[in-house]
Every structure is written in structure tokens, then in C-alpha cells.
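> Provided below for reference: sequence and predicted model.
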Amino acid sequence: MQWPPKQREVCVKASNFSEGDEEPMDPVRKDEFDSGACGSLAPKVRPCPRPKPGEAAGGCSFDGAQITLLPIMDAAHLVHGPIACAGNSWESRGTLSSGPSLSQYGFATDLTDSDIIFGGEKKLKDSIDYIAERFAPPAIFVYSTCVTALIGEDMDAVCKTAAERLGIPVIPVNSPGFVGSKNLGNRLAGDALLQYVIGTGEPSPDMSMGINLIGEYNIAGEMWDIEKLMNSAGIPVTSRITGDARYKEIAWAHRARVNMVVCSRALLGLAREMESRYGIPYFEGSFYGAKETTYSLRQMAYLMNDRDMERRVDRLTEREEARLSQDLRPYRKILKGKKAVLYTGGVKSWSVISALKELGVQVVGVGTNKSTEDDVRRIADRVSDDTEYIPEGGASRILKTVRERKADIMIAGGRNMYVAMKEQIPFIDINQERHKAYAGYEGLLRLAKELTYSLANPIWKLAASPAPWDKEAPPYDR
């Protein structure tokens with residue numbers, strides 16, 4: 001397949017890191033730690049270092065694999081391990097479904113002391129048989145945990161035998177928590193999709209092939225806003241990997257014409273391997289902010305090599321941007337010149353900056369502890385030279401930046417909400433726990449409203465005032 005020179009610049013040369021389809025999936029491979037599996041394109045660096053003790057405290061590899069695969073809504077997801085592994089990680093993201101809800105069932109083998117001593121493979125077999133008979137799912141994903149990996153459970157053999165016996169795919173996901181961080185679990189889950197799912201099914205002959213959306217998990221329904229825009233421009237969605245997905249659509253993902261990687265650090269390796277195996281070009285994009293959304297839609301149409309589609313996209317983006325500009329006027333007056341500390345990671349660390357700039361908000365501090373070198377370069381292109389980078393987490397480090405830069409609002413994940421409350425500073429949740437969709441043109445308008453509502457809330461002025469019995473105390477100066 002020959003691509004024009006400009007298109008070849010967009011599509012990065014793939015690096016082979018997956019094993020052959022016939023081989024059983026290894027628990028962890030060295031290639032998963034290499035730069036080819038991460039979000040950086042620099043050939044001589046390793047932006048994703050080997051895991052260090054305690055690194056999994058912010059989310060382990062097992063948790064990361066579930067984050068990637070649980071949005072496959074019609075499949076069953078079975079955790080092979082103690083019940084706490086399933087209970088403590090279930091529904092950690094606000095992924096929504098437009099139909100099936102089987103993935104919201106918490107299946108676990110619930111290993112006990114005796115199972116650990118004598119082995120839990122029979123319990124795993126019985127659990128798989130029960131799920132297949134009771135729920136009849138199109139596929140069953142089986143997740144290893146720290147305990148089952150340490151005692152040497154042959155999960156691959158049990159899954160293979162069960163698949164042959166039941167006649168449905170039973171897919172082992174070897175991502176025990178101790179092997180690394182949440183991001184490594186994302187990539188291991190993507191590798192499981194490559195080995196066992198993608199390429200195993202075919203779409204109907206009359207189905208139009210278009211775009212695979214990789215790394216979009218439909219948090220708070222963001223996927224639906226994106227699909228609405230794509231449908232308006234006549235851009236067909238082939239597969240959603242994996243937000244609000246169905247198992248069969250991932251099985252035919254190899255028939256797509258273009259891959260868009262929405263979450264660069266997590267599943268970039270999946271897009272690269274699909275380019276290597278199936279010749280599908282890919283690009284990295286974002287839907288946070290009007291400019292990023294317009295770029296992503298235009299890039300889809302360009303790589304589809306459809307001139308009519310390009311014209312439809314141009315008309316759509318011009319119309320949406322004009323409408324959005326009108327709707328944002330009252331909010332921009334309030335938000336212009338406000339200072340924000342943005343503490344998130346991955347693609348949001350730079351894409352949300354673009355959205356904030358469009359609203360007139362100045363980012364004075366940005367977290368980079370979960371960002372690759374490529375993410376950091378994109379951050380640098382979008383912020384001023386005096387913006388402070390926060391390479392390590394922790395409440396004291398974040399508060400130091402908030403106080404020194406006199407930030408007006410903190411934009412971070414839910415776990416930092418209480419940091420903002422104790423500091424008496426406005427806060428909005430931007431991470432996976434949120435209940436508001438901020439993607440696309442409508443999402444930018446929602447973000448502007450949430451920022452305005454938080455800043456204008458009278459509770460902050462009241463909380464910063466001196467106590468009634470301490471009238472002489474100076475007011476809190478942020």
C-alpha cells in the first residue's frame with residue numbers, strides 16, 4: 001500500500017513487539033518496557049522505565065488491564081484471584097453503556113487459603129462453565145492476579161481447554177498487579193486483544209469500513225458526543241477500542257481503514273502493530289478543545305482519502321466552531337486571565353491545556369508524572385516558558401505550586417479533591433471518576449460552564465473569610 005509523502009510523515013513506522021498468534025501469551029515481555037510500546041517516538045530513549053517498588057500504589061497492572069477491557073460491554077470478565085482483587089477495582093471508571101451491561105457483573109473465583117495451597121485451576125474451570133451456561137456471553141476474559149501468578153496457575157491451558165469445550169473465546173489476560181503500573185496493564189490488555197480477538201471475525205459485506213477509535217473508553221459518555229460528530233460528517237466508525245464496545249466489532253477491527261489513537265501512552269503499541277500486520281495507518285489525536293477536535297476530524301478525512309468527506313468535515317467544523325464561539329462568550333469574560341494548576345496525566349496533560357487556552361485560562365502548573373517525553377514536548381508547545389512542571393505527585397508538592405503561582409482553580413483527579421478543599425480553592429474533576437463529558441465542541445462548552453460554576457461558588461469566599469470571633473485576622477490571600 002503506497003501512501004502520499006505527507007501521509008507517511010503522519011504514520012510512524014511500526015515496531016514489532018507482539019509474539020505470534022499461535023504462541024501462549026507471556027505474563028510480561030521485555031518489549032512492553034521499550035519505547036516502541038510507549039507514547040514516545042524517540043528511538044533512543046525509554047520513557048516508560050521498569051517498575052519500581054511501590055509504583056503500583058497509584059494503580060497496578062491488573063487494574064490497568066481492567067480499565068482497557070471492561071468497556072467491552074457484552075463480554076464477561078472473570079477475575080482469577082481473591083475476592084478483594086475484584087471488589088477493590090470494579091467500576092473504577094465512569095464508563096457508560098448504550099446497551100448490554102454484562103461487563104458490570106463482578107465475576108471472581110474467590111480463591112481461599114486452601115485454593116492457594118492445593119491450586120485453583122478446578123475452581124477456574126467451574127467458574128468459566130457457570131458463566132457460559134448462565135449468561136451465554138460472546139466471550140469471557142480471564143484476568144490473572146498477583147496470587148495466581150505467584151503460585152504458578154496455568155491459566156492459559158485452562159482457558160484454551162474451556163474455549164474448545166464451550167465453543168466461545170476464553171481469553172487469558174496475564175497482567176498480575178506486581179509486574180508494573182496501570183499503564184503497563186493497559187498495554188498488556190491491548191496485546192491480549194491483538195493475540196486473541198482482532199482478526200478473528202469479519203463484518204457484514206454491506207458495512208462501510210472507516211475508523212477505529214483506540215484508547216477512548218466512553219468516560220461519562222464522551223464517545224457518544226464524538227460519534228455524533230463523526231456521523232454528521234459521514235465518517236463511519238468500524239470499532240471502538242474499547243469504549244461502549246461489543247466483542248464482535250473488535251474482532252473485525254483489522255478491516256478498518258484508519259486508526260486514531262486517543263490515549264497515546266496506553267495503546268499506541270496496538271496501533272503500531274496493527275499497521276505492521278494489516279497495513280492500517282494511524283495518527284494520534286484528541287477531542288479536548290475545539291481546535292484539537294477539528295484537527296482530528298480533518299485528519300480522519302485526509303487519511304480516508306475521501307475528498308467529499310473532507311468537504312463535509314470542513315462545513316461541519318466551521319459551523320460548530322461558529323456556534324461554539326457564540327455560546328462561549330459569557331463564560332470567556334469570566335474565565336479570561338484566571339490561573340489554573342492542571343494535574344493529570346497522559347494525553348489529557350497536553351490536550352486539556354489546548355481547551356483551557358481557548359477559554360482564556362492560563363495554566364501556571366501542569367503535572368507530568370504520568371506523561372511520556374512526547375507528551376512533555378506537546379505540553380511545552382502549548383504553555384508559556386514560566387509554567388511550572390510537577391514531575392512527582394503528592395499533596396505538598398501540588399499545594400506548593402498552587403500557593404506560589406496564586407492559582408485560582410485546580411483541575412485534577414478525584415483523589416486530589418480533598419487537597420483543594422483543605423486549601424479552600426475551587427476544583428473540578430478531569431479524570432476517569434468524573435460525571436461530565438468534556439470531549440468535542442459540546443464538551444468544551446460543558447467545561448467552560450463547570451469552571452465558571454466552581455469559580456463563582458460563594459462557598460470559597462466564605463471559607464477564606466476570617467472566623468466571626470477572629471475579626472482582626474487578615475483574609476486568606478490566594
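In hand now; what should we look at? Numbers count the residues shown, from 1 in each chain.
> Would you indicate which residues of the longest helix along the chain are buried?
The longest helix of the chain (DSSP state H) is helix 307-335. Judged by neighbour count using 16 or more other C-beta atoms under 10 Å, the buried positions of helix 307-335 are 309-310, 312-313, 316-317, 320, 324, 328, 331, 335. The way it works is simple: take the backbone N, C-alpha and C, and place the C-beta from them, glycine included.
> now stretch 157-166
For stretch 157-166, using 16+ other C-beta under 10 Å, the buried residues are 158-159, 162-163, 166.
> any low-confidence regions in the protein?
Counting by pLDDT under 70, the ranges of the chain that qualify are 1-58, 92, 264-265, 471-478.
> same thing but at 50, please
Applying pLDDT under 50 to the chain flags residues 1-30, 33-46.
> Spell out the residue ranges of the strands in the stretch 51-200 of the chain.
For the stretch 51-200 of the chain, the strands defined by DSSP state E, counting those that start in this stretch occupy 76-80, 107-108, 140-144, 170-173.
> One more: the stretch 301-450 of the chain?
Counting by DSSP E, counting those that start in this stretch, the strands of the stretch 301-450 of the chain are 339-343, 362-367, 388-390, 409-412, 427-429.
> Out of these, the one nearest L96 is which?
strand 427-429 (15.9 Å; C-beta to C-beta).
> next one: the closest one to chain centre, how far?
18 Å (C-alpha atoms, centre = their mean, to the nearest Å).
> what helices or strands is the longest helix of the chain leaning on?
helix 222-232, helix 290-304, helix 440-456 (3 or more C-beta pairs under 8 Å, 6 or more residues apart in numbering; DSSP states H and E).
> Mind checking those for the one nearest to D110?
helix 222-232 (32.5 Å).
> if we can go back for a sec, format the strands of the stretch 51-200 of the chain as JSON lines; extra columns: mean neighbour count and distance to Y441.
Shown next, in JSON lines, are these (neighbours: other C-beta atoms under 10 Å; distance: least, C-beta to C-beta, whole Å):
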{"stretch": "strand 76-80", "mean neighbour count": "27", "distance to Y441": "33"}
{"stretch": "strand 107-108", "mean neighbour count": "22", "distance to Y441": "39"}
{"stretch": "strand 140-144", "mean neighbour count": "27", "distance to Y441": "35"}
{"stretch": "strand 170-173", "mean neighbour count": "26", "distance to Y441": "36"}
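> Rebuild the ones you listed as TSV, extending it with distance to L193.
Formatted as TSV, the strands of the stretch 51-200 of the chain follow (distance: least, C-beta to C-beta, whole Å):
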stretch	distance to L193
strand 76-80	13
strand 107-108	19
strand 140-144	10
strand 170-173	8
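> Could you tell me which residues within stretch 218-233 count as buried?
In stretch 218-233, residues buried by neighbour count (16+ other C-beta under 10 Å) are 218-227, 229-230, 233.
> whoops, stretch 261-278 was the one
261-275, 277.
> Out of these, which sit inside strands?
V261 (DSSP state E).
> from the buried residues of stretch 261-278, which is closest to P203?
M274 (15.7 Å).
> Give me the angle between the longest helix of the chain and helix 440-456.
10 degrees (axes from the mean of the first three to the mean of the last three C-alpha atoms, to 10 degrees).
> Could you check how far helix 307-335 is from the centre of its chain?
Taking mean C-alpha positions (C-alpha atoms, centre = their mean), helix 307-335 and its chain are 25 Å apart.
> Which parts of this structure belong to which domain?
Listed domain ranges for the chain are 1-284, 330-464 (source: automatic domain parsing).
> one step back: in helices, which of the buried residues of stretch 261-278 fall?
Members of those lying in helices (criterion: DSSP H): 264-275, 277.
> L267 contacts L188, correct?
No. With contact defined as C-beta atoms under 8 Å, L267 does not reach L188; the gap is 10.8 Å.
> returning to what we had before: kindly reformat the domains of the chain as CSV containing distance to Q299.
Compiled in CSV, these are given as follows (distance: least, C-beta to C-beta, whole Å):
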stretch, distance to Q299
domain 1-284, 5
domain 330-464, 14
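> Of all those, which one is nearest A290?
Nearest to A290 among those is domain 330-464 (5.7 Å), distances taken as C-beta to C-beta.
> Quick one: end-to-end length of that closest one, please.
26 Å (C-alpha to C-alpha, to the nearest Å).
> now swap in stretch 228-245 and tell me
So stretch 228-245: terminal residues 16 Å apart, C-alpha to C-alpha.
> Could you do stretch 249-257 as well?
By C-alpha to C-alpha, the extent of stretch 249-257 from end to end equals 14 Å.
> How many residues are close by C85?
For C85, the neighbour count with other C-beta atoms under 10 Å is 27.
> With the flanking residues excluded, which residue is spatially nearest to it?
Excluding the flanking residues, the one nearest C85 by C-beta to C-beta, 6 or more residues apart in numbering is T145, at 4.6 Å.
> check contacts around the one you found.
With contact set as C-beta atoms under 8 Å, 6 or more residues apart in numbering, T145 has these partners: 62, 79-82, 85, 176-177.
> how about the helices in the stretch 101-250 of the chain?
113-118, 121-135, 146-150, 155-166, 182-196, 222-232, 247-251 (DSSP state H, counting those that start in this stretch).
> Indicate which one of those is closest to S208.
helix 222-232 (11.6 Å).
> Just the angle for that closest one relative to helix 290-304, thanks.
Angle, helix 222-232 to helix 290-304, by the same axes, to 10 degrees: 60 degrees.
> I'd like to know which elements helix 222-232 is packed against.
Partner elements for helix 222-232 (3+ C-beta pairs under 8 Å, 6+ apart): strand 211-216, strand 237-242, helix 290-304, helix 307-335, helix 440-456.
> 7 Å instead?
strand 237-242, helix 440-456 (3 or more C-beta pairs under 7 Å, 6 or more residues apart in numbering; DSSP states H and E).
> would a markdown table of these with mean neighbour count and distance to S465 be doable?
Formatted as a markdown table, these follow (neighbours: other C-beta under 10 Å; distance: least, C-beta to C-beta, whole Å):
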| stretch | mean neighbour count | distance to S465 |
| --- | --- | --- |
| strand 237-242 | 26 | 48 |
| helix 440-456 | 20 | 16 |
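> Export these to JSON lines and append columns for distance to M207.
Shown next, in JSON lines, are the helices and strands packed on helix 222-232 (distance: least, C-beta to C-beta, whole Å):
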{"stretch": "strand 237-242", "distance to M207": "8"}
{"stretch": "helix 440-456", "distance to M207": "25"}
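> Can you check which of these gets nearest to D126?
Closest among the helices and strands packed on helix 222-232, using C-beta to C-beta: strand 237-242, at 27.6 Å.
> Taking the ones in helices among the buried residues of stretch 261-278 together, which two end up most distant?
For those, and using C-beta to C-beta, no pair is farther apart than R265 and R277, which are 21.3 Å apart.
> these two touch, right, K248 and G201?
Yes. Using C-beta atoms under 7 Å as the test, K248 is close enough to G201 to be in contact (5.6 Å).
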